[in-house]
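Asks: I'd like to go over a predicted model; first the sequence, then the structure.
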Amino acid sequence: MKRMAVIAFNTFKENLRDKILYNLLFFGLLLIGSALLLGTLTMGEQQKIIKDIGLASINVIGLLVAVFVGIGLVSKELEKRTIFTIVSKPVPRYEFLLGRYAGLAFTLFVNVAIMTAGFFGTLLVSQALPDAGLLTAIGLMFMELLLIVAVAIMFSTFTTPTLSATFTLAIYVIGHCTADLHALGEKLHGGLSKWLINGLYYVLPNLACFNVKGAAAYGSPIEMRYVLTSLTYGAVYTAAVILVACMIFQRRDFR
Amino acid sequence: MNTARRQSAIIITGMALLCSVYLLQVKLLEFRSPLLPLAELRYLPDGKYLKAVSLGYEQLVADILWVQAIQVMGERKVSEEAGRWVYRALDAITTLDPHFVRAYDAGATALTTVVVLPEESNRLLEKGIRHNPEEWRLPFLLGFNYYFEFQDDARAAEYMARASRLPGAPRTLAQLAARLYAAAHEPQLAIDLLMNVYERTADDSVRMSLEQRIKEVVVERDLQMLERFIKLYHDREHRFPRRLDDLIGPGYLRELPREPFGGSYLYDSATGTVRSSEMSERLTRLGTRRQK
């Protein structure tokens, strides 16, 4: 546990050294810029647009960090040959992987937290009240990011960074279209194709369930039971992906 | 922990996680709105904005929207509000891809069969004709709408004639147009038209509703015929027939028509009226078109 914490903390420090948090500057400029530019519009619309832009940019920036840092976590160690100094120590490989994961998760948490603070600050300046719905939406978004990081790490345990990034982004896109897959499965009348489509629906991550941005921006109520189910789903799915990643990483030969 | 035990632990954990993922997915389905595809269409931006953001993949975006729209169109009955959103989606699809003839064709048919939005159907067809002047099916369907939905024989005939002159149009179309010019509002004319549409429709759900419509018109045709003969009987015998079977014989019917829905024609000898056991309402008598 202690070893994992050390690896996690080092990962976080490494991310800071890589100037990951510079993205926050971009985020801030985007939010403040849109708030200023939209000042000429009516109040109600301005607030809604700021909410939309804020939520969307937290999501997109978080996604980019999750994917492009996630894929480098393992491959960078391999490239720099620092992996040998770690695996030769009495550190089980899964602990290394979990530590790396926890480190990036923490980096993302700090990142999202600062973005949320900036977002709420902008809302206050533009005289809109930040409400719990927005926080719920950001919480679900964070769960989605945790899942995406797990997927990115899983791919990076066995393939090159470029391919990992491509696969992870593909999973992200597919994960948002699984509702169509389910609708398609329901229209099919039995047989192998229905079985296959339904199987895919349950195996692929259902990322759309983490998306309540629309409801949050409009201030519509979000059912607590739904949020809890989605969070549990995300946690269980993430655990499953990390398990697969650990299994692959355990068997991998380093050259 | 030895390797075998560790492996079985991993496998058991993996299985447990997969089962939980499945169960949670099933649970999440409960939260989904039953009208999900429709709910998605509701937030659909205008076609011209979609065109700007589709970054050169207009056809692909149109295809994806089309697949979603036919999920709604495939339902047996769609509310008028839902129908308007379907029209909105069809309009966006055809703005993205103006040569998507199938979207005009099946879309316009659905707008008059699964819902009753003839104006929207016509608007879609007119847009289709503007972009695809060589497609005979579009003016054909527009003529059909003018005949069946608007009772405007002159315009119906005009579009039918226009369709019959385009490449690929069936030869019978010109005859249909000619008969329309004569403006004979016979039920048989409606059946011919419907059969014509039915034969060139590939979409199963549209075919099903057309089949229903054809049967309704057949009932109307049969009822009009029976009424004619009941009147004839009354004129000759100065009383109504006791049973419908009395209408079989020389100078009358060779046999009684069969109710197409599998029911029967019910006859009231006191008033001399006849109706179908399967249809509570009559189609409009003249021309058997949709009542306004």
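Replies: In hand now; what should we look at?

Asks: could you use CA atoms for every contact and neighbour count after this?
Replies: Will do.

Asks: quick one: low-confidence parts of chain B?
Replies: Applying pLDDT under 70 to chain B flags the ranges B:1, B:32-43, B:74-77, B:171-172, B:174-175, B:177-187, B:189-190, B:193, B:197, B:283-292.

Asks: how many other residues sit next to residue B:78?
Replies: Neighbourhood size, residue B:78 [other Cα atoms under 10 Å in any protein chain shown]: 19.

Asks: right, and it touches residue B:114 too?
Replies: Yes - using Cα atoms under 8 Å, residue B:78 is in contact with residue B:114, at 6.0 Å.

Asks: my guess is residue A:198 meets residue A:182, correct?
Replies: Yes - counting by Cα under 8 Å, residue A:182 is a contact partner of residue A:198 at 6.5 Å.

Asks: which element, helix or strand, includes residue A:154?
Replies: helix A:132-156 (DSSP states H and E).

Asks: right, I mislabeled it, should have said residue B:6
Replies: helix B:3-31.

Asks: that helix - contacts with which helices or strands?
Replies: helix A:191-203, helix A:224-251 (3 or more Cα pairs under 8 Å, 6 or more residues apart in numbering or on different chains; DSSP states H and E).

Asks: could you list the buried residues of the helix holding residue A:154?
Replies: The neighbour-count check on helix A:132-156 (16 or more other Cα atoms under 10 Å in any protein chain shown) flags A:133-134, A:136-156 as buried.

Asks: ranges for the helices of the chain?
Replies: Using chain A here. A:2-17, A:23-37, A:43-70, A:72-79, A:82-87, A:93-125, A:132-156, A:161-175, A:178-187, A:191-203, A:213-218, A:224-251 (DSSP state H).

Asks: wrong one, I was asking about chain B
Replies: B:3-31, B:36-42, B:47-53, B:58-73, B:80-96, B:101-113, B:118-131, B:137-148, B:153-164, B:172-181, B:187-199, B:204-237.

Asks: and among those, the most buried is which?
Replies: Of all the helices of chain B, helix B:137-148 has the most neighbours on average by mean count of other Cα atoms under 10 Å in any protein chain shown, namely a mean of 26.

Asks: residues touching it, excluding its own?
Replies: Applying Cα atoms under 8 Å, 6 or more residues apart in numbering or on different chains, the contact partners of helix B:137-148 are B:104-105, B:108-109, B:118, B:122, B:125-126, B:128-129, B:152-153, B:155-160, B:162-164, B:169, B:190, B:193, B:289-290.

Asks: residue B:168 and residue B:78, how far apart?
Replies: 33 Å (Cα to Cα, to the nearest Å).

Asks: please apply the same query to residue B:88.
Replies: For residue B:88 relative to residue B:78 (Cα to Cα), the value is 14 Å.

Asks: now swap in residue B:69 and tell me
Replies: Taking Cα to Cα, one finds residue B:69 at 12 Å from residue B:78.

Asks: for the nearest residue to residue B:195 once chain neighbours are set aside, what are its contacts?
Replies: In this structure, residue B:195 finds its nearest non-sequential neighbour in residue B:214, 7.4 Å apart by Cα to Cα, 6 or more residues apart in numbering or on different chains. The contact partners of residue B:214, by Cα under 8 Å, 6+ apart, come to B:191, B:194, B:195.

Asks: what's the answer for residue B:126, then?
Replies: B:138, B:142.

Asks: same thing with residue B:121?
Replies: With Cα under 8 Å, 6+ apart, residue B:121 has these contacts: B:87, B:107, B:108, B:109, B:111, B:112.

Asks: residue A:66: neighbour count?
Replies: The burial count for residue A:66: 27, using other Cα under 10 Å.

Asks: and it, what pLDDT?
Replies: Per-residue pLDDT puts residue A:66 at 89.

Asks: just name the most buried of the helices and strands packed on helix B:3-31.
Replies: With a mean of 19, the top stretch among these by mean neighbour count (mean count of other Cα under 10 Å) is helix A:224-251.

Asks: can I get the helices of chain B in a markdown table including distance to residue A:28?
Replies: Converted to a markdown table, the helices of chain B look like this (distance: least, Cα to Cα, whole Å):
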| stretch | distance to residue A:28 |
| --- | --- |
| helix B:3-31 | 34 |
| helix B:36-42 | 31 |
| helix B:47-53 | 24 |
| helix B:58-73 | 32 |
| helix B:80-96 | 35 |
| helix B:101-113 | 44 |
| helix B:118-131 | 45 |
| helix B:137-148 | 53 |
| helix B:153-164 | 59 |
| helix B:172-181 | 65 |
| helix B:187-199 | 59 |
| helix B:204-237 | 52 |
